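Visitor: model the structure of this input:
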Amino acid sequence: MASPDEDEYPLARPVRTPLWSENYALALADRQSGLTFLLSIGTWHGDTSIWREKLSIVLPSGKRLVARNYGRGTQGAVVSAALARYEIVTPQQRIHFTFNGPVWEYDFAHLMEKGMTGGLGRMLSTDIAFDAVSPLWDMHGDHARDETGIMGALHTEQIGRCSGSLVYDGEEILLTDAYACRDHSRGPRDMAPYKNHAWINGLLDNGVSFHLYAAHLIGREDLALSKAVVGRDGVFEPAEIRTVSFIASPADHGLTHRVLLKSESGELDVAITRAFGSIVTGVLPPFEAQAGMIPGERHITIFDEGVILDSGGVSGIGFCERGAAPTF
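Guide: This next block holds a predicted model:
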């Protein structure tokens, strides 16, 4: 059995199991500038020796930058398809991310109506370091249930801070101490029964953090996936999800909502008072994601956004992802 440090690294050999996937994600929300960022690098469902990278960025100006590439660049501590490089510098502590290459610029309305349609590419260069501020959370601990089969047998995630820079079309944006969460999943992933999900994490200014993942399956009323923890002083307490909101249509992105978690230490009541930098992603089964809606195709729609938090007068920041199957 691999150690937590060893499980940080991608598997060295392709896996031929049907619907198998290994995926790394880095989500970032900068409260100061309003920039949001979502990176996903994972194996391609058609051939797991091929990795695909998907990058979506919302600049402080509101411009959306997107890229999607495929390749076989993953090796050792470096996860990469083609132009992105996600390097595990120190397991459970430090990640270094770079991207150097063309991206495509859209406004949000275009992505909502037409999706990613191509056009003139422009150069983006990033140099971003992620440093952990809390321990790694293993979502598949024994404290709650996961009957979905859609998240993989391994799922770990971690809250941290990001610093560095982005240079787009000759203009530089500096990041200092931006909120971030990274995750790593591995295993079979069957999206066919998926109905909706919520992945929300955050860090309050008093040092209290939380992670939650909840999902429904088609034809089932109760939660098939319900996992959460509350972090205090570097220790996670298993938590019950008492309140969480799901989206019902694309119009629900950016809405305020509430999270209520119950752990051994009591209740953590967190209001999402504002969302910013919404990123829209369309997903086709078995697991093919691209920026924006996918006109003419029945697809899962997912929104990722930075969120401003309030818990009994204590402010904070986090990242919220909510998606739904094509029922609308």
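
Visitor: hey, let's count contacts and neighbours off CA atoms from now on
Guide: Fine.

Visitor: how close does R186 get to P135?
Guide: 19 Å (Cα to Cα, to the nearest Å).

Visitor: comparing these two, which shows the higher neighbour count?
Guide: Neighbour totals were compared for R186 and P135, and R186 leads with 21 against 16 (other Cα atoms under 10 Å).

Visitor: in terms of helices and strands, where is the more buried one?
Guide: Assigned by DSSP states H and E, R186 belongs to strand 171-188.

Visitor: mind listing what whichever strand or helix holds R242 pairs with, with the direction of each?
Guide: Element membership for R242 (DSSP H and E) is strand 235-243. Counting by DSSP bridges, the strands paired with strand 235-243 are strand 225-232 (antiparallel), strand 257-263 (antiparallel).

Visitor: turn those into a markdown table, including mean pLDDT and distance to H211.
Guide: A markdown table is the format used below for the strands paired with strand 235-243 (pLDDT from 0 to 100; distance: least, Cα to Cα, whole Å):
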| stretch | mean pLDDT | distance to H211 |
| --- | --- | --- |
| strand 225-232 | 96 | 5 |
| strand 257-263 | 98 | 10 |
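
Visitor: any idea which of those strands is most buried?
Guide: Of the strands paired with strand 235-243, the one with the most neighbours on average (mean count of other Cα atoms under 10 Å) is strand 225-232, at a mean of 23.

Visitor: give the contact list for L166.
Guide: L166 makes contact with L124, S125, T126, D127, I128, E172, I173, L174 under the criterion Cα atoms under 8 Å, 6 or more residues apart in numbering.

Visitor: let's go with 7 Å and repeat that
Guide: S125, T126, D127, E172, I173, L174 (Cα atoms under 7 Å, 6 or more residues apart in numbering).

Visitor: can you redo these as TSV with pLDDT and distance to L38?
Guide: As requested, the contacts of L166 are exported to TSV (pLDDT from 0 to 100; distance: Cα to Cα, whole Å):
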residue	pLDDT	distance to L38
S125	98	15
T126	98	13
D127	98	14
E172	97	18
I173	96	16
L174	97	17
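
Visitor: and of these, the nearest to I95?
Guide: D127 (10.9 Å; Cα to Cα).
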